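Novice: Need coordinates for the below:
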Amino acid sequence: MSTTTKRIAAHKRLPRGANGGIQLLLIHNVAHLGKQGDVVDVKPGYAKNYLLPQGLATIATDHHKRMVDKHRAKLLEIEKDRLKGLQDLASALSKQSLTIEANANDEGHLYGSVGANEIVAALKQHDLTITVDQVRLEGVLKELGLYTVKVQLHPDVATEVKVWVVPTVSDDAKG
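Specialist: Predicted coordinates for the structure are as follows:
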């Protein structure tokens, strides 16, 4: 059997959905496609070159659908616990006020800027761990002052953190 014949044979085995695409059952959440347990129709290339080889989806057979239905309650419980943890973290973050030192001139303009990396590092010092992509800045902070920074922990969980940007205390001022 030639490779072309094998490809065509493999292509025909994949179940077609109502829209003519390949019908797959998602094993993991896939951004812009669906959540774990969803049955989705995708283009054949996306199914064969990405979703199936990466282990993100499987063929949507009746057996797999029944398995997912049985585990859906467990998955919902896990997601509920995860959301509870994220809401607790959001509560702790909202009570937090950070102070970040930065070099500035006499008018209060920073020589550099304060970005998401500095905010994450300051939170880590308070034993609060988030990732840089969860910090929603509308541009870097370039002046001294108080800022309210949005933090998006989950599509359903967001909070704000107060960030004070203060001038670095130089050695001359200390002594």
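Novice: Report the residue spans of this structure with pLDDT below the cut-off.
Specialist: 1-13, 15, 17-18, 170-175 (pLDDT under 70).
Novice: Strands of that one, residue ranges please.
Specialist: 22-26, 39-42, 57-59, 97-102, 109-114, 135-136, 141-143, 145-154, 157-167 (DSSP state E).
Novice: Could you export these to TSV, including columns for mean neighbour count?
Specialist: Any C-beta I mention is one placed from the backbone N, CA and C, and that applies to glycine too. Shown next, in TSV, are these (neighbours: other Cβ atoms under 10 Å):
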stretch	mean neighbour count
strand 22-26	22
strand 39-42	18
strand 57-59	19
strand 97-102	15
strand 109-114	14
strand 135-136	16
strand 141-143	17
strand 145-154	15
strand 157-167	18
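Novice: Can you check which of these gets nearest to residue 70?
Specialist: strand 22-26 (13.2 Å; Cβ to Cβ).
Novice: doesn't residue 100 make contact with residue 168?
Specialist: No. Proximity of residue 168 to residue 100 does not meet the contact threshold set by Cβ atoms under 8 Å, at 9.8 Å.
Novice: What's the local residue count around residue 93?
Specialist: Other residues within reach of residue 93, judged by other Cβ atoms under 10 Å, total 22.
Novice: if I pick it, what's in contact with it?
Specialist: Taking Cβ atoms under 8 Å, 6 or more residues apart in numbering, we find residue 93 in contact with 123, 128, 130, 151, 159-161.
Novice: Tell me which residues of the top helix by length along the chain come out buried.
Specialist: Assignment by DSSP state H gives helix 62-94 as the longest helix of the chain. Residues 64, 68, 86, 89-90, 93 are the ones in helix 62-94 that count as buried (16 or more other Cβ atoms under 10 Å).
Novice: May I see the strands of the chain organised as a markdown table, with distance to residue 33 added?
Specialist: Output for the strands of the chain, formatted as a markdown table (distance: least, Cβ to Cβ, whole Å):
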| stretch | distance to residue 33 |
| --- | --- |
| strand 22-26 | 7 |
| strand 39-42 | 6 |
| strand 57-59 | 9 |
| strand 97-102 | 36 |
| strand 109-114 | 35 |
| strand 135-136 | 23 |
| strand 141-143 | 35 |
| strand 145-154 | 18 |
| strand 157-167 | 21 |
